[in-house]
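here are the coordinates; sequence isn't available:
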């Protein structure tokens with residue numbers, strides 16, 4: 001999602017890598033779930049998120065859509081899934097105690113919070129969103145531990161490739177729209193990376209790589 005903002009206004013001015021320590025620890029939120037409410041359509045999901053949700057909930061992507069847990073939206077010209085919120089603004093995966101029912105396999109944006117990512121020079125770094133979390137007394141935690149994703153290097157490479165893949169398409173969205181090709185490209189991405197089921201018993205990254213090979217055959221990506 002394209003944003004225009006000044007990093008110095010929203011962070012402590014530092015950029016971090018996965019092996020760095022950062023003040024993000026909040027004692028497992030101690031019952032707080034403010035960051036799980038009033039998010040609108042901002043929790044956009046990537047293919048790894050869908051792989052994890054479907055594998056752990058024992059369903060497919062279409063079932064999640066039909067169950068109204070997820071919806072589709074257009075992000076900078078590309079059709080992508082996002083988490084749905086209840087009428088009261090709470091995430092639909094919060095349980096009756098206000099705790100995340102999918103915490104062990106929650107989406108990447110949820111894992112990040114209160115971190116964000118800054119992309120530059122074909123890679124990215126992390127920053128702390130200093131105004132977003134209501135918890136003020138935080139402890140230092142290694143970012144890789146905070147994210148809690150197995151195979152951290154592969155995950156980093158995936159996040160980076162997915163971001164720049166989408167960016168290339170989004171940067172040309174206007175031209176594609178004018179040429180009548182944007183919908184076709186968008187439907188291909190939706191089908192290839194989301195609707196097409198993943199094998200939950202097999203490695204995600206190999207499956208993603210195979211799909212990306214097909215995507216890179218698109219004329220826009222050659």
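Good, I have the coordinates. Everything numeric here is computed off the predicted structure, so don't read it as measured data. Numbering: from 1, shown residues only.

any low-confidence regions in the protein?
For the chain, applying pLDDT under 70 flags the ranges 1-11, 27-31, 131-136, 221-222.

again, 80 this time
1-13, 26-38, 130-138, 219-222 (pLDDT under 80).

show me where it has helices.
Taking DSSP state H to define them, one finds helices in the chain at 7-10, 47-57, 61-66, 108-112, 143-147, 152-171, 173-178, 182-190, 204-215.

give me the buried positions along the last one.
It stands for helix 204-215. 204, 207-208, 211-212, 215 (16 or more other Cβ atoms under 10 Å). C-beta here means a position set from N, CA and C on the backbone, and glycine is covered the same way.

closest to residue 189 out of these?
When the buried residues of helix 204-215 are compared for distance to residue 189 (Cβ to Cβ), residue 215 wins out at 7.1 Å.

can you pull the contacts of that closest one?
Going by Cβ atoms under 8 Å, 6 or more residues apart in numbering, residue 215 touches 165, 188-189, 192-193, 221.

my guess is residue 69 contacts residue 92. True?
Yes. Counting by Cβ atoms under 8 Å, residue 69 touches residue 92, with 5.4 Å between them.

neighbour count for these two, which is higher?
Comparing residue 69 with residue 92 by other Cβ atoms under 10 Å, the one with more neighbours is residue 69, at 18 against 14.

how much space between that one and residue 149?
According to Cβ to Cβ, to the nearest Å, residue 69 stands 21 Å off from residue 149.

just residue 36 next, same as before
According to Cβ to Cβ, residue 36 and residue 149 sit 19 Å apart.

of these two, who's got more company?
When neighbours are counted by other Cβ under 10 Å, residue 36 and residue 149 differ, and residue 36 comes out ahead with 23 against 17.

and the residue of the chain most remote from its centre, how far from residue 169?
The C-alpha centroid of the chain is most remote from residue 179, which lies 29.2 Å away (Cα atoms, centre = their mean). Look at residue 179 and residue 169: by Cβ to Cβ, they are 13 Å apart.

check contacts around the nearest residue to residue 193 once chain neighbours are set aside.
Nearest residue to residue 193 in three dimensions, chain neighbours excluded: residue 47, at 4.7 Å (Cβ to Cβ, 6 or more residues apart in numbering). By Cβ under 8 Å, 6+ apart, the contact set of residue 47 is 162, 193-194, 198, 204, 208, 211.

ok, which pair from those residues is furthest apart?
Pairwise distances across these (Cβ to Cβ) peak at 14.3 Å, for the pair 162 and 198.

more neighbours: which of those two?
residue 198 (21 against 17).

in terms of contact, does the more buried one touch residue 48 like I think?
No. Using Cβ under 8 Å, residue 198 is not in contact with residue 48, being 9.5 Å away.

can you point out the buried residues in stretch 91-102?
Buried residues in stretch 91-102, counted by 16+ other Cβ under 10 Å: 91, 93-94, 100, 102.

including distance to residue 17, could those go into JSON lines?
What follows is these, written out as JSON lines (distance: Cβ to Cβ, whole Å):
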{"residue": "91", "distance to residue 17": "29"}
{"residue": "93", "distance to residue 17": "29"}
{"residue": "94", "distance to residue 17": "31"}
{"residue": "100", "distance to residue 17": "26"}
{"residue": "102", "distance to residue 17": "27"}
